[in-house]
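Peer 1: Here is my input, please return the structure:
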Amino acid sequence: MAHNILLLHCHDLGRLLGTYGASTVTTTHLDALAVESTLFESAFATSPHCSPARASLFTGAYPQQHGVLGLTHEPFGWDLEDPTTHLAHRLKRQGFGTELIGVHHESRTLPDDELAVRLGFDRVRTGGNRDVVVERTTEALERAAASDRPFYLQVGFHEPHRTPSPHDRAGVMGFLGDGVVPDDTRGSSIPPYLRDTPEAREEIAELQGAVRQMDEGVGAILRRLDELGLADDTIVVFTTDHGLALPRAKCTLYDAGTGVALLLRVPDRPAWRGRRVPQLVSHVDVVPTLLELASDAAASDASGTSLVPLVEHDSPVREYAFGQLSHHIYFDPKRSVRSASAKLIVNFSNAPRAMDPTQSWMHRCLPIDLTGPTIGTSPVMEFYDLLDDPDELRNVVHMPERQPQVAELAAALWEWMRSTDDPLLRHADSPRHTLALTTLEQIARMHSAAPVDLPA
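Peer 2: Numbers count the residues shown, from 1 in each chain. Sure, this is the predicted structure:
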């Protein structure tokens, strides 16, 4: 009999969990889940913002393949080119009951009944704060317990997304959604790429409160799963779409923007219990993994690779993790490739060095490397030694001794863009785009030859 799948996801979390080393956030239930699961320490989204990242998570394809290059709600309106590649469709074809509750942001916004048909769900109920999502999910689990069909239940929490609140000061949108209260009982985890100021501590306390709110919702759902006798036959996945909604995180291709929490609890497979896996994995690997674990099926059309060999046989599945940003609130095309020790980012526009993800006029958290009135324009290329500089604060792309590593990553990035038919290869719409593209191609083609000078 096939395993059930309960896939829990949330907005804008990054890896802000106790089990990932965030000592000041209260995530009792997810930390407990991690003890029973495989925790992927180096999991990455394909994109640092919501819709493209989620579409990759649920299809196993990169944004330039599935077609969601920007946000799916109006006035943006991006959509999946082939909705039948969604995990719900794949599992429904194998006899699973399928249901979506809470956050949907991986395809064009439609009424729930139309969305169900389009994505392959038997039932869709979008929206709702934590308590609404928990209530609907427990009701769905009770129905599933009375059915003979295996189920795929996709549950999305809005928290800890920024949310308008009457508690906010003018010009600020923080994290104080319904029921959220700031939580600094254990202090405040100020990321090292941000300035440690009283204003930042205030904002991080709100964020930690929103994360705690979401964690309690996860705990309530997992408790009901166990009470119904479903836990022993249900694969539980927890992840998020991308990094924290803070400056220099969300909407950037730094690890703070693309690094994600990823936990899988898999019953009846001891190799998956209590594991911490340091190797690189990507959200595109989730669909092939779940299909293999739940139904022994394969996703031959997915760009990702099943993580079963990695977890059960210590066989690495990828050398690189790739990232991309195209459209968020404006067109800011970037591409990245990350190895275990280094990162290359190519910026195809003259946009600001980091897009603002705060949706606030007044900022409380500020980047630590903000030394003037603005953060300046993106360089053509950025290269970071992640072993020496894990917070990606020192761009060393011009150092002669780094040229072999730059060339290696440029070749990998160029080949990935070609293999995914990246539209940036076809349309150079500005002098900067042309410069970035020709420079990347030149370095990639000279991977085994002499280094070349890099443009500023």
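Peer 1: what about residue 445, how many neighbours?
Peer 2: Other residues near residue 445 number 14, with proximity taken as other Cβ atoms under 10 Å. (C-beta placed from N, C-alpha, C; glycine too.)
Peer 1: cool, residue 326 as well?
Peer 2: 22.
Peer 1: So what touches the helix or strand it falls within?
Peer 2: Per DSSP states H and E: residue 326 is located in strand 321-327. Applying Cβ atoms under 8 Å, 6 or more residues apart in numbering, the contact partners of strand 321-327 are 42, 44-49, 52, 62-64, 69-71, 76, 78, 251-253, 257-258, 280-282, 332-338, 355, 413, 416, 422, 424.
Peer 1: wait, residue 247 sits on residue 194?
Peer 2: Yes: applying Cβ atoms under 8 Å, one finds residue 247 in contact with residue 194, separated by 6.7 Å.
Peer 1: Need the residues touching each of those two.
Peer 2: 365, 366, 367.
Peer 1: which residues does the second one contact?
Peer 2: The reference is to residue 366. Going by Cβ under 8 Å, 6+ apart, residue 366 touches 194, 195, 197, 200, 247.
Peer 1: Run through the helices of this structure in chain order.
Peer 2: For the chain, the helices defined by DSSP state H occupy 28-35, 50-59, 63-66, 87-92, 112-119, 130-145, 198-227, 255-258, 286-295, 308-313, 403-419, 431-445.
Peer 1: Nearest to residue 182 among these would be which one?
Peer 2: helix 198-227 (3.9 Å; Cβ to Cβ).
Peer 1: Residue 441: neighbour count?
Peer 2: Counted with other Cβ under 10 Å, residues neighbouring residue 441 total 15.
Peer 1: Render the CA-only coordinates of the strand holding residue 326 in CSV, please.
Peer 2: The C-alpha coordinates for strand 321-327 follow below in CSV (Å, rounded to 0.1, in the frame of the first residue of the first chain):
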residue,chain,number,x,y,z
ALA,A,321,22.6,24.0,-6.5
PHE,A,322,21.2,26.6,-8.9
GLY,A,323,19.2,29.7,-8.2
GLN,A,324,17.5,32.4,-10.2
LEU,A,325,15.6,35.6,-9.9
SER,A,326,13.7,37.2,-12.8
HIS,A,327,10.6,39.1,-11.9
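Peer 1: between that strand and helix 403-419, how many degrees?
Peer 2: Per axes from the mean of the first three to the mean of the last three Cα atoms, to 10 degrees, the angle that strand 321-327 makes with helix 403-419 is 60 degrees.
Peer 1: Mind listing the strands strand 321-327 pairs with, and their directions?
Peer 2: Here strand 321-327 is paired, per DSSP bridges, with strand 331-338 (antiparallel).
Peer 1: outside of the strand it pairs with, which residues touch it?
Peer 2: With Cβ under 8 Å, 6+ apart as the test, strand 331-338 has contacts from 44, 253, 255, 258, 280, 320-326, 343-349, 351, 355, 378, 386, 409, 412-413, 416-417, 422, 424, 433.
Peer 1: Residue 24 versus residue 60, what's the distance?
Peer 2: 35 Å (Cβ to Cβ, to the nearest Å).
Peer 1: And the two? Which one has more around it.
Peer 2: Between residue 60 and residue 24, counting by other Cβ under 10 Å, residue 60 is the more crowded of the two (29 against 17).
Peer 1: where does that one fall, phi/psi-wise?
Peer 2: When read as degrees, to the nearest 10, the backbone of residue 60 gives phi 80, psi 20.
Peer 1: Of residue 247 and residue 194, give the one with the bigger neighbour count.
Peer 2: Using other Cβ under 10 Å as the criterion, residue 247 and residue 194 rank with residue 247 on top: 27 against 24.
Peer 1: in the stretch 1-150 of the chain, which ranges drop under the pLDDT threshold?
Peer 2: By pLDDT under 70, the low-scoring segments of the stretch 1-150 of the chain are 1-2.
Peer 1: Span of stretch 372-388 from start to end?
Peer 2: One end of stretch 372-388 sits 25 Å from the other (Cα to Cα, to the nearest Å).
Peer 1: and it, which residues are buried?
Peer 2: Using 16 or more other Cβ atoms under 10 Å as the test for burial, stretch 372-388 gives 375, 378, 379, 380, 381, 382, 383, 384, 385.
Peer 1: now stretch 314-331
Peer 2: 317, 318, 320, 321, 322, 323, 324, 325, 326, 327, 328.
Peer 1: I'd like the mean pLDDT over it, please.
Peer 2: With pLDDT averaged residue by residue, stretch 314-331 scores 94.
Peer 1: next one: stretch 215-224
Peer 2: For stretch 215-224, the mean per-residue pLDDT is 98.
Peer 1: now do stretch 384-401
Peer 2: Averaged across stretch 384-401, the pLDDT comes to 96.
Peer 1: now it: how far from the chain's centre is it?
Peer 2: Computed by Cα atoms, centre = their mean, to the nearest Å, the chain-centroid distance of stretch 384-401 equals 23 Å.
Peer 1: Identify all contacting residues around that stretch.
Peer 2: With Cβ under 8 Å, 6+ apart as the test, stretch 384-401 has contacts from 191-193, 254-256, 338, 340-344, 368-369, 379, 381-383, 402, 406, 451, 454.
Peer 1: swap the cut-off to 6 Å and go again
Peer 2: 192, 193, 254, 341, 342, 343, 369, 381, 382, 383, 402, 454 (Cβ atoms under 6 Å, 6 or more residues apart in numbering).
Peer 1: Could you tell me which residues within it count as buried?
Peer 2: Across stretch 384-401, burial judged by 16+ other Cβ under 10 Å covers 384, 385, 391, 392, 396, 397.
Peer 1: Let me have these in CSV, extended by distance to residue 93.
Peer 2: Output for those, formatted as CSV (distance: Cβ to Cβ, whole Å):
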residue, distance to residue 93
384, 42
385, 46
391, 44
392, 42
396, 49
397, 46
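Peer 1: Those in strands, which ones?
Peer 2: For those, membership in strands holds for 384, 385, with DSSP state E as the criterion.
Peer 1: Among the buried residues of stretch 384-401, which pair sits farthest apart?
Peer 2: Farthest apart among those by Cβ to Cβ are 391 and 397. That separation is 16.5 Å.
Peer 1: can you give me how far stretch 100-109 is from the chain middle?
Peer 2: For stretch 100-109, the distance to the chain centre is 15 Å (Cα atoms, centre = their mean).
Peer 1: Sweet, I'm off.
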